[in-house]
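**Q** Need a 3D model of the sequence below.
(6 chains)
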Amino acid sequence: MTEFLNEITLFSVISLGAIGGVAAIVLYMVAQKFKVIEDPRIDKVEELLPGANCGGCGLAGCRALAEAIVKAESLEGFNCPPGGNDVMQDIAKAMGWEAGEKTPMIAVVRCNGTREFAPPKVRYEGLMTCAFAHSLFAGEGGCPYGCLGCGDCVEACNFDAMYMDQETGLPVILDDKCVACGACVKECPRNIIEMRKKGKKDRRIFVSCINEEKGGLARKNCKVACIGCGRCVKECKFDAISMENNLAYIDFEKCTLCRKCPPVCPTNAIHELNFPPRKQKAEKAAAKEKEPGE
Amino acid sequence: MEYIIIIIGAVFVNNIVLAQFLGICPYLGVSARVSTSVGMSGAVMFVMTLATLVTFLIFHYILVPLNIEYLQTISYILVVASLVQMVEIILKKVSPALYQALGIFLPLIVTNCAILGVTILSVREDFGFNLLEGVVFAVGNALGFALTIILFAGIREHLDLMDVPKGMRGAPAALVVAGILALAFMGFANLV
Amino acid sequence: MKALTVSGSPHFHTEQSVSKIMYGVVFSLVPAMLVSFYFFGLPAILITLTAVVSCMAFEFIIQKYLIKGPLTIFDGSAMITGVLLAFNVPANLPFGLVVIGSAVAIGMGKMTFGGLGKNPFNPALVGRVFLMISFPVQMTTYPEPTAFTTKLTDAVTGPTPLTIIKDGVGRGESISSLMMQIPDYMNLMMGNLGGSVGEISAIALILGGIYMLLRKIISWHTPVAFLGSAAAFSAIFWLIQPEVYPDPVFHLFTGGLMLGAIYMATDYATSPMAPRGMILFGVGCGLLTIIIRLFGAYPEGVAFSILIMNAFVPLINRAFKPKRFGEEVKNG
Amino acid sequence: MVMTLVIVAVAASFTLATVYNFTKGPIELAREAARQEAIGKVLPDFDELRTEYIMPVTGRDSLEFNLAYKDGQLVGVAVATYTAMGYSGRIRAMVGFTPGGEIIDVVHLEHAETPGLGDKIEKDKSDWSDQFQGFDPREETLKIKQDGGNIDAITAATITARAYCDAIDRAFQTFDANHPNLINKEKE
Amino acid sequence: MGGVHPPENKFAEKRSVERLEPPKSVAIPLSQHLGAPAKAVVGKGDKVQAGQLIAKGEAFISANIHASVSGTVAKIDGVIDASGYRKKAILINVEGDEWAEGIERDESLIEDSNLTAEEIIKKVYDKGIVGMGGATFPSHVKLKVPKGKKAEYLIINGVECEPCLTADHRLMMEKGQEIMVGASLQMKALGVDKAIIGIENNKPDAIAHLSKIAAGYPGISVEPLKVKYPQGAEKQLIKALVNREVPSGKLPIEVGCVVHNVGTAFAVYEAVQKNKPLIERVVTVSGSSVKKPSNFMVRIGTPVAELIEAAGGLPDDTGKVVNGGPMMGKALNDLNVPVTKGTSGILIFTEKESSRPPEQNCIRCARCLTICPMGLEPYLLSSLAEKQRFQDCEDERIMDCMECGSCLYICPSGKPLLDHIRVGKNRVGQMIRERSG
Amino acid sequence: MGQLQNFTKGFIRENPVFVLLLGLCPALGVTTSAFNGLGMGLATTFVLVSSNIVVSLIKNLIPTKVRIPSFIVVIASFVTITELVMEAFLPALFEALGLFIPLIVVNCLVMGRAEAFASKNNTWSAIIDGLGMGLGFAFALTILGGLREILGAGEIFGWSIFAGDGMLVFVLAPGAFIGLGYLVALNNIVKKKLDQNA
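**A** Below you'll find the model as predicted:
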């Protein structure tokens, strides 16, 4: 035992203890003297981070990441490679960002101007982005409100929840992948995509057109355009449908998904999604019964 | 002249990143933008010089006389860590502008093996540096780090605008660039 | 009537295209090719063919199976890489190494970054330096030029002028005595000297360069700055100690300086965009070349210096933008 | 807070010291074994070894001279020498001389030369260094042929070969300069 | 700096201006100029005479619009114009060709004028004169020198650097005297004593002709200019003629210059001396496949299809019809769009000519950067815009781009540089507007 | 996450070198041969596991303010122990790894795991985590070392694979970067395949 208590041990313990002590005292004093008041939440987040200061997050160390997170008020776009997902979840918990239930939303494409319904009249050549095509002309189909079909929205989607249907030339949204982030809505230069309530069992009814031109003009370019005839407005019992600028709009907050409006639309501009198929006869009979009563 | 040789050697011939593999983490991590990498280089230069100075004294006046050189690693890391933290705290208070430019990179530097590596190298027997030479050596290495990280940041910004194939995007392309840079720097072999 | 086309302006387009430019470069290399075939014979032809074919093959394989993108092997760029790579190696290099070099040039130098125009470093030089570092023995054994050989092996090998000078100066011999061992300047210019396949004939390379200048494929800035600075820096050392450092003319006509200045440093993707940047780039290349030649371990520094300067290009492009219209108001 | 850190530091250093004390012996043994092995390779049989340090004619650090005796007779001197001219960093080597000054053999101790090229100085990588066996620096020149000496260079690693010669030459020059002294030691 | 040399293709160079009869009906858009649309002052069923005011430009930057024919207003409705979108226009069914009172229709030259500067500007405003070069900036605004600024030079733009177009060239040859008078009137309005007419060297006849006439007009000189595109862009022209650079984001008046097109000078002459509003203009109809490349004097509002008919009809292999020059003009998606005040030419491209080269990787040849007349880096702006880095776009001064199309013309890789840059400009413009309010 | 997954994730999915890009300095610096890579990997594993154990044991005794310095001291101690033991019993490996042994102390992997995992979990999990990550690290280093050894010298673990010279680049500095670059790319692809199958 005495062998181990030789002078090397002594020197080691003393000098390292001294270095440690001096370092700690100096740090303590400096920290006291040069205190800067900051958002206490930064400390809280920093404490949860690994503290390895490896720079793996692309920022200058853990504190920088903590500051960035607190400043951004969200965890989006931040990642801590050594800490992994667990750490991020801890932070979310600590900051209380997880709570708060949102009504599930989903994006819908409000244009049905497929190549069939709105046949191309001119040929577009050049940069295949809607942003540019929009600045150039009304679109191959001629509808100045319709989908340009260059797929800017698909590009914008970070979740692989959209693709371009090569047949129709329209984007398609995959219900199970869409997280309603709104990127596509922002990207569309014609504001065709709308964020709507996901609905019970993913069921949705909406007017798949945003053309505000007069009926004839709209119809000239596209067979399935809303011509602003107003029949659906009359049909709706719940005041969910409004008519403005020759265009019907279904308010998803008021709509009860009763499925009364789609059949009355003369241009089939009203779409219903994820409903079971209609019983043709019963439906017609019901419609006939009602009509005289109205 | 001797100092110039030390610096040229450290910057070009035995570049700290490309030939010695030190400081790779910040080299890959903080080189996304030229402006960031300039800030990082400044911070590294500052800390590397200071740390080498302090550890050099500790090594020669505490560890060697007491015959406890084996405590080099542990005492160095303690010194470097607390030194960096101290500098950071002071800088934050005294000069917020400088802190924004350099200070925010300071925490990264604690675990930057370039600092610890250079402090250990500078007391290596085969260099036999005196204090001033050791400090010049540290400055040279910091310059070498700065040169490579800034060059690298430039190339990365350039690659950002290119559609690098998916598999190679990010770290792989960055590493290959580093490899080619290292190849090119081999041309400086034996310059001094 | 068919449907009208709608597109953004302009509605006119130049006749130039990527492949026209690329094949223009290949065409301008013909004189140098002929000279090397004359001096190195059949092996030079075979090496060039091997490099071109394997470069195109690797580009094809990578594009088809790894990147799965459009195939562009016939746009001429892979061909240029192949020719330039072949021009940068000794004529007696084993074919296996040529293939490895092509794989590195195309795979690592070019396709890693996505292909044509995206590579930060000159692919042919990446291949060359890779070979240089990996196989230093084979890469520094140069055949002596002998007109019209058809022998594939057993060519007489000998040192290049640069190696003679480097070793001689290392021994402490004087330049004037060393100069006796190397061909006179006329022969140097024509290409009658040891060296890589395509770098030997300064005259042929200059001819190609003039052709490219006339066709506006390259601008004069980079080559002139490169050659000028190399001459200037070597002249400074030469004037100080003419017995230790060779004269600028020697530097200009030996090694890969001409090939580098005219063909490698002017590579579009890896050189600066704006004229002022090109000049800085050329000066940097020239300076580094001379430093490596005079003080480094390698007798030749053109490849290294161009690669190093390639790394500076993004920074140079940031620093040297073209003069913006209306930036400084000059009223007069 | 300060106390915690001090306690941690003290605990750590105590542990380390213990380990150090424990490994100190083996480390020295290992070092000594390596040295002995190198000396054994470059010298003939001996039964006694004396070590002294002599400043070389050129260079910064002293050289380690190991004088080997057999039956009281000096049978050879193993010199641990170095050079800073290596391709990358310092090269250290052990050179064995006969009392007359002829080289018995050379082994490298430490180097960071390029693997595949410069590392041909290692005995088990290449027999290049065998050419030093029986080399008499008084008769021939300890330089590579490119530099006008009598040593074949390593292909594509001229610098390493040149550096190795420099290290051996340093050993020889120092040996030569101190020759009478060293021989005299034998008589003591 | 900069500039490209596209093939000139001036097929209609030697064809004198031909006057087209008014069509059966016209559609006169309410927005034919830069700035706010004019407000219609007639209604459905109203009878109008040629030259009668039918819409008033009330905003600061706007212009009056006059009936170009006589007849009955059929309706005011959306009509597809060159922008590709439906815009409000006044449709008039033509009945006879009656002209409003006070307009002199004979061709005799009236040189003298005793109007003051204000009166001239007033007339220019009343008669709805706008820039005829293509930008259609209301001329009266340009003639009013803002407070604190001083005009030194009037520059008359006779460059016509766009390939194919010959309208200005013919006008210079046939109405040289009138242009001189118009220029003198503009000089008076601006209060300057120097005017320079810039003409590219590829029109030696026009240079000779105008130089001869200019000798009789004090202060007016004719300067031959190097042939390059875009020599006729305002800022480039000023640089070439008086060696001054208009600072980024500023107007020419900043360096004491005001630039007007020769067509505008002619229109000013007609407005001031003949009381004639801007209701007709010279339009080149040309193209390699066009049977009869021509220069027509047409009424505003005439459908493009009628012009093409007059030039020999639409060739079968037509791929593209462009309103304006080949470098900056807009491709039409409908041939019934009306001629407006800014229509300088209708160009017809064959299918082969109209297809773009296939896009390849950018090889960084730096051609776009060398030729950019504004000293920008199109390759960089385009990739920044493509990567949606719009802040960087702004820092790289994307807003200085005047969309001359040189970069896309010269690009050997066929990259849609300008397309990307336009998207970028749009987004950066949006950003700037959001920032300022 | 099960303990098994905790253990295996370090090999491909969360490989410290290939995916997290941690500890690259030693990964590049010592991997001139498979043996050196393995040695370095095991040394790091030892430090990682032991410091994880100690950190998880003392986590409640350390005030947060000096948490990081204390952990550094703990790690540094184990690094020094490794250094001493290796020098005593494996002098050849000690020579080969050189500077990179003391530099284990600044390996982000060690610090990161100690902080992120060990300081929040019990000792048993900390051991598993340290072992998994450490062996993943050793795995990566061995692969890279093996690759460089095969291509550069034609050998693996010292056994000759093919005669003649290899590509020298791979034993030199550039080869380290290039080799690692392509291995990271390869790992990305493998990971993607695994994810698709999962």
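**Q** who are the neighbours in contact with residue 78?
**A** Looking at chain A here, since you left the chain open. Each residue near residue A:78 by CB atoms under 8 Å, 6 or more residues apart in numbering or on different chains is listed here: A:57, A:65, A:68-69, A:72, A:88. Using the backbone N, CA and C atoms, a C-beta is placed for each residue, glycine as well.
**Q** wrong one, chain E
**A** Counted by CB under 8 Å, 6+ apart, residue E:78 has contacts A:213, A:217, E:86-89.
**Q** Equivalent analysis for residue A:49, please.
**A** Shown in contact with residue A:49 (CB under 8 Å, 6+ apart): A:62, A:65-66, A:80, A:83, A:87, A:91, F:115-116.
**Q** can you rerun that using 10 Å?
**A** Residue A:49 is in contact with A:57, A:61-63, A:65-66, A:69, A:80, A:82-83, A:87-88, A:90-91, F:112, F:115-116, counting by CB atoms under 10 Å, 6 or more residues apart in numbering or on different chains.
**Q** Point out the ones among these that are inside strands.
**A** Counting by DSSP state E, no part of those is found in strands.
**Q** what sits up against stretch E:208-215?
**A** Contacts for stretch E:208-215 (CB under 10 Å, 6+ apart): E:156, E:158, E:172-174, E:176-177, E:179-180, E:183, E:195-197, E:199, E:203, E:220-224, E:262.
**Q** Now which of those residues would you call buried?
**A** E:156, E:158, E:172-174, E:176, E:179-180, E:183, E:195-197, E:199, E:203, E:220, E:222-224, E:262 (16 or more other CB atoms under 10 Å in any protein chain shown).
**Q** which SS class is residue D:100?
**A** At residue D:100 the chain is in coil, as set by DSSP: H, G, I helix; E, B strand; the rest coil.
**Q** Just the contacts of residue A:49: which are in helices?
**A** The helices, defined by DSSP state H, take in A:61-63, A:65-66, A:69, A:87-88, A:90-91, F:112 from the contacts of residue A:49.
**Q** Quick check: of the residues you listed, which lies closest to residue E:25?
**A** Nearest to residue E:25 among these is residue A:69, at 65.7 Å by CB to CB.
**Q** burial measure for the closest one, as a count.
**A** The number of residues packed around residue A:69, counting by other CB atoms under 10 Å in any protein chain shown, is 28.
**Q** Kindly report the same for residue F:60.
**A** Neighbour tally, residue F:60, other CB under 10 Å: 7.
**Q** dump the residue contacts of it.
**A** Contacts of residue F:60 by CB under 10 Å, 6+ apart are residue F:119.
**Q** picking up where we left off before, near chain B, which of the ones in helices among the contacts of residue A:49 show up?
**A** Restricting the ones in helices among the contacts of residue A:49 to those near chain B by CB under 10 Å from any CB of the partner chain leaves A:61-63, A:65, F:112.
**Q** Give me the distance between the helix ranked longest in chain D and the centre of its chain.
**A** In chain D, assigned by DSSP H, the helix with the most residues is helix D:2-42. Here helix D:2-42 is found 23 Å from its chain centre; the criterion is CA atoms, centre = their mean, to the nearest Å.
**Q** looking at it, residue E:252 is touching residue E:238, isn't it?
**A** Yes - the pair residue E:252 and residue E:238 passes the contact test of CB atoms under 10 Å, sitting 5.8 Å apart.
**Q** ok, for residue 131, nearest residue in space, not its chain neighbours?
**A** Picked chain A for this. residue E:423 (4.5 Å; CB to CB, 6 or more residues apart in numbering or on different chains).
**Q** meant chain F, my bad for not saying
**A** According to CB to CB, 6+ apart, the nearest residue to residue F:131 is residue F:49 (5.7 Å).
**Q** For that neighbour, identify the helix or strand it belongs to.
**A** helix F:34-58 (DSSP states H and E).
**Q** what angle do that helix and helix D:2-42 make?
**A** Interaxial angle, helix F:34-58 versus helix D:2-42 (axes from the mean of the first three to the mean of the last three CA atoms, to 10 degrees): 160 degrees.
**Q** and helix F:34-58, which residues are buried?
**A** Buried, per 16+ other CB under 10 Å, within helix F:34-58: F:34-56, F:58.
**Q** And chain B, is whichever helix or strand comes after it touching that?
**A** Downstream of helix F:34-58, the first helix or strand assigned by DSSP H and E is helix F:67-89. Yes - under the criterion of CB under 10 Å from any CB, chain B is reached by helix F:67-89 at F:68-69, F:72-84, F:87.
**Q** before we move on, what SS does the nearest residue to residue D:85 once chain neighbours are set aside have?
**A** Distance criterion CB to CB, 6+ apart; nearest residue to residue D:85, sequence neighbours excluded, is residue D:163 at 3.9 Å. Assigned with three-state DSSP, residue D:163 falls in the helix class.
**Q** what do you get for residue B:27?
**A** helix.
**Q** If you tally nearby residues, what's the number for whichever residue of the stretch 1-150 of chain E sits closest to chain B?
**A** Per CB to the nearest CB, residue E:2 is where the stretch 1-150 of chain E lies closest to chain B, at 22.7 Å. Using other CB under 10 Å, residue E:2 has 21 other residues around it.
**Q** Tell me how many other residues surround residue A:146.
**A** 29.
**Q** isn't it right up against residue A:188?
**A** No - if you go by CB under 10 Å, residue A:146 and residue A:188 don't touch, sitting 11.3 Å apart.
**Q** Give the residues shared as contacts by the two.
**A** With CB under 10 Å, 6+ apart as the test, residue A:146 and residue A:188 both reach A:110-111.
**Q** Tell me which helix or strand residue E:283 sits in.
**A** Assigned by DSSP H and E, residue E:283 falls in strand E:280-286.
**Q** Send me that strand as PDB with only the CA atoms.
**A** Extracted as PDB, the C-alpha positions of strand E:280-286 are listed here (Å, rounded to 0.1, in the frame of the first residue of the first chain):
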ATOM      1  CA  GLU E 280     -51.600  54.200 -85.300                       C
ATOM      2  CA  ARG E 281     -48.000  53.000 -85.500                       C
ATOM      3  CA  VAL E 282     -45.500  51.300 -87.700                       C
ATOM      4  CA  VAL E 283     -45.400  47.500 -87.100                       C
ATOM      5  CA  THR E 284     -42.900  45.200 -88.800                       C
ATOM      6  CA  VAL E 285     -44.200  41.800 -89.800                       C
ATOM      7  CA  SER E 286     -41.300  39.600 -90.600                       C
END
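**Q** how far does it sit from the chain's center?
**A** 11 Å.
**Q** so what's the closest residue to residue B:52 other than its chain neighbours up against?
**A** Nearest non-adjacent residue to residue B:52, counting by CB to CB, 6+ apart: residue B:138, 3.7 Å away. Neighbouring residues of residue B:138 by CB under 10 Å, 6+ apart: B:6, B:10, B:44-45, B:47-53, B:55-56, B:115, B:118-119, B:121-122, B:129.
**Q** After the host helix or strand of residue B:81, which helix or strand is next?
**A** Element membership for residue B:81, per DSSP H and E: helix B:72-94. Once helix B:72-94 ends, the next helix or strand along the chain (criterion: DSSP H and E) is helix B:96-101.
**Q** Can I get the ones in helices among the contacts of residue A:49 in a markdown table including distance to chain E?
**A** Shown next, in a markdown table, are the ones in helices among the contacts of residue A:49 (distance: CB to the nearest CB, whole Å):
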| residue | distance to chain E |
| --- | --- |
| A:61 | 25 |
| A:62 | 27 |
| A:63 | 26 |
| A:65 | 22 |
| A:66 | 25 |
| A:69 | 22 |
| A:87 | 30 |
| A:88 | 26 |
| A:90 | 33 |
| A:91 | 28 |
| F:112 | 32 |
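**Q** Right, I'll call it a day here.
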